[in-house]
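Undergrad: Okay, sequence plus prediction incoming.
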Amino acid sequence: MKQYLDLCHRIIDEGEWVANKRTGKRCLTVINADLTYNVGAGEFPLVTTRKSYWKSAIAEIIGYLRGYDNAADFRALGTKTWDANANNNQVWLNNPYRKGEDDMGLCYGAIGRNFPKPDGGSVDQLRLIVDDLSQGIDNRGEIFTFYHPGALHMACLRPCMYSHHFSLLGDTLYLNSTQRSCDVPLGLNFNMVQVYFLLAIMAQITGKKPGKAYHKIVNAHIYEDQLELMRDVQLKRKPLAVPTFKINPNIKTLEDLETWVTLEDFELEGYEYHEPIAYPFSV
Ligand SMILES: Nc1nc(=O)c2c([nH]1)NC[C@@H]1CN(c3ccc(C(=O)N[C@@H](CCC(=O)O)C(=O)O)cc3)CN21
Ligand SMILES: O=c1ccn([C@H]2C[C@H](O)[C@@H](COP(=O)(O)O)O2)c(=O)[nH]1
């Protein structure tokens with residue numbers, strides 16, 4: 001995927017070293033990147049210059065849509081990506097709000113689907129957005145946000161991709177997603193798939209045509225222990241043809257997504273990729 005590779009090259013050519021206190025590592029960093037995925041044209045943004053575990057990425061976002069707050073629920077869906085943040089980070093292990101093994105706290109969908117109101121009760125943002133879009137309504141504020149500054153101390157990690165804003169032009173659905181912090185070798189590989197998926201699935205369950213998804217990244221970085229593999233291995237490879245992503249057409253409602261959908265409902269046709277690369281992960 002050209003946009004992804006261009007961003008990797010840009011970080012290597014123009015990035016500045018920034019020390020990160022939370023992980024204790026330095027990151028080569030650029031500020032601001034804008035990626036666009038033409039979902040209507042089926043341009044699935046998958047990395048081919050190493051094997052991508054794209055099903056893990058889909059499992060993560062389905063977990064967010066379901067409002068999961070527990071790494072065990074994510075594992076049951078098919079991804080182990082939350083195990084380390086839920087169980088191996090000392091700051092979180094010492095946090096009095098942690099409810100025990102596998103708890104992630106109030107983050108992502110757990111807050112997004114149950115957003116506390118200052119005057120009591122909570123808002124299920126996704127339910128409201130799906131209901132509006134299904135009726136052809138775009139109130140210019142169809143925003144699904146996971147960012148609650150008053151709850152950040154109750155979560156294992158602040159949400160990285162924290163806002164998804166849907167828009168309608170006629171029967172075509174658009175998405176603007178914003179990400180505050182991006183681990184380009186590991187996280188972005190998943191986040192691109194997730195932004196594409198979110199527009200594709202929302203269009204399908206609201207009966208709209210998917211248009212384009214715009215993915216804004218603020219802080220894009222490569223950790224110091226990932227740099228050599230990115231620069232000397234992954235970026236030396238030639239990208240391969242992009243595959244076609246297929247969603248089971250029987251998924252028709254938000255309830256379907258919340259109840260019976262599994263990773264078996266998603267397929268890739270023609271995914272060719274280079275050898276896997278195991279990038280170091282910073283907890
Ligand atoms: N440092 C860091 N980077 C991230 O990208 C990230 C976090 N932390 N914490 C929260 C979530 C968890 N995410 C993760 C976690 C692990 C992988 C990972 O290990 N990926 C491997 C193997 C994936 C698999 O086998 O399913 C990969 O090669 O992509 C990717 C994204 C994305 N997020
Ligand atoms: O979907 C995700 C989730 C996380 N990340 C990365 C971005 C950062 O490297 C870390 C989070 O660290 P902060 O100190 O909270 O910024 O996780 C990602 O790229 N994508």
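TA: Noted; the coordinates are in hand. As the structure is a computational prediction, the values presented were derived from the model and not from experiment. Ligands and ions are numbered 1, 2, ... in the order given.

Undergrad: Look up the closest residue to the residue of the stretch 51-200 of the chain found nearest ligand 1, ignoring the ones flanking it.
TA: Proximity of the stretch 51-200 of the chain to ligand 1 (Cβ to the nearest ligand atom) peaks at Gly187, 2.6 Å away. Yep, even glycine has a C-beta here, placed from its N, CA and C like the rest. Among residues not flanking Gly187 along the chain, Cys160 sits closest, at 6.6 Å (Cβ to Cβ, 6 or more residues apart in numbering).

Undergrad: Hmm, Thr178 and that neighbour touching each other?
TA: No - assessed by Cβ atoms under 8 Å, Cys160 is found out of contact with Thr178, at 9.9 Å.

Undergrad: now the end-to-end length of stretch 257-275.
TA: One end of stretch 257-275 to the other measures 32 Å (Cα to Cα, to the nearest Å).

Undergrad: Then stretch 223-236?
TA: End-to-end distance for stretch 223-236, by Cα to Cα: 19 Å.

Undergrad: try stretch 46-62
TA: End to end - Cα to Cα - stretch 46-62 spans 18 Å.

Undergrad: how about that stretch: buried residues?
TA: 46-50, 52-62 (16 or more other Cβ atoms under 10 Å).

Undergrad: and it, does that touch ligand 1?
TA: Yes - against ligand 1, stretch 46-62 shows contacts by Cβ under 6 Å from any ligand atom at Tyr53, Ser56.

Undergrad: Could you list the contact residues of the chain toward ligand 1?
TA: Near ligand 1, when you scan the chain using Cβ under 6 Å from any ligand atom, you find 53, 56, 79, 81, 85, 157, 183, 186-187, 189-190, 281-282.

Undergrad: In TSV, list the residues you listed along with secondary structure and pLDDT.
TA: Shown next, in TSV, are these (DSSP: H, G, I helix; E, B strand; the rest coil; pLDDT from 0 to 100):
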residue	secondary structure	pLDDT
Tyr53	coil	97
Ser56	helix	98
Thr79	coil	98
Thr81	coil	97
Asn85	helix	97
Leu157	coil	97
Asp183	strand	98
Leu186	helix	98
Gly187	helix	98
Asn189	helix	97
Phe190	helix	98
Phe281	coil	97
Ser282	coil	97
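
Undergrad: quick check, nearest of those residues to Thr29?
TA: Asp183 (11.1 Å; Cβ to Cβ).

Undergrad: which residues touch the host helix or strand of Val30?
TA: Here Val30, judged by DSSP states H and E, is contained in strand 25-38. Here strand 25-38 makes contact (Cβ atoms under 8 Å, 6 or more residues apart in numbering) with 3-4, 7, 10-12, 14-20, 43-45, 182, 192, 195-196, 199, 212-225, 227, 282.

Undergrad: For the residue found closest to Ile61 once you drop the neighbours it is linked to in the chain, list the residues it contacts.
TA: In this structure, Ile61 finds its nearest non-sequential neighbour in Gln194, 4.3 Å apart by Cβ to Cβ, 6+ apart. By Cβ under 8 Å, 6+ apart, the contact set of Gln194 is Ala57, Ile58, Glu60, Ile61, Met161.

Undergrad: got it, and Tyr162?
TA: Applying Cβ under 8 Å, 6+ apart, we find Tyr162 in contact with Thr145, Phe146, Tyr147, Thr178, Gln179, Arg180.

Undergrad: and the residues you listed, which of them are in helices?
TA: Within the contacts of Tyr162, no residue falls in helices by DSSP state H.

Undergrad: Residue most distant from the centroid, the chain?
TA: Asp119 (30.4 Å; Cα atoms, centre = their mean).

Undergrad: For the residues of the chain next to ligand 1, work out which two are farthest apart.
TA: Most distant of these, by Cβ to Cβ, are Tyr53 and Leu157, 19.5 Å apart.
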